[in-house]
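*Asks:* let's see this in three dimensions:
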Amino acid sequence: MTCFEDIYQFFQSPPPVYLNKELAVCYILSVLLKRDSYGTELIGQLERDYPIYRLSDTVLYSALKFLEDQGTIIGYWKKVEGRGRPRRMYQVIPQWRPQAIDLSRLWYEYTNHAHIRPQIQPSSF
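*Replies:* Prediction:
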């Protein structure tokens, strides 16, 4: 950092925030409750809907494996027209919908609160 302008620049164009596994699980469920999806689409959707957030392949696939191991989602292969190999699609298992809804609510609350700026009170000197 060389000057105050660098500080202003940081806040005008902040670096992306990478999701951890807990946030990734909640985000993935929020998408899968609406429709089946696959890994690359989940990453792209996050960047379109929440431009300040990013999701690494490692965290994404770790979260998907966790959800599969817990029996919350199931993966299946789907042949896509114009694509050589099938895609691994994921969907929420019906009996897990209530918990998936609860966890996706955490994602929405997190993203809504992340944008709230605290009010700075003038100091009383």
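
*Asks:* list the contacts of the most centrally placed residue in the chain.
*Replies:* Taking C-alpha atoms, centre = their mean, the centroid of the chain lies closest to Y27, which sits 3.9 Å from it. Contacts of Y27 were listed using C-beta atoms under 8 Å, 6 or more residues apart in numbering, and they are L19, L42, L46, L55, W107. No exception for glycine: its C-beta is placed from N, CA and C like everyone else's.

*Asks:* which of the residues you listed are buried?
*Replies:* L19, L42, L46, L55, W107 (16 or more other C-beta atoms under 10 Å).

*Asks:* if we can go back for a sec, sitting in helices, which of the contacts of Y27 do you find?
*Replies:* L42, L46, W107 (DSSP state H).

*Asks:* quick one: distance of the lowest-mean-pLDDT helix or strand in the chain to the chain centre.
*Replies:* Lowest on mean pLDDT, DSSP states H and E among the helices and strands of the chain sits helix 4-12, with a mean of 85. Put simply, helix 4-12 sits 26 Å off its chain's centre (C-alpha atoms, centre = their mean, to the nearest Å).

*Asks:* that concludes my questions; thank you for your assistance.
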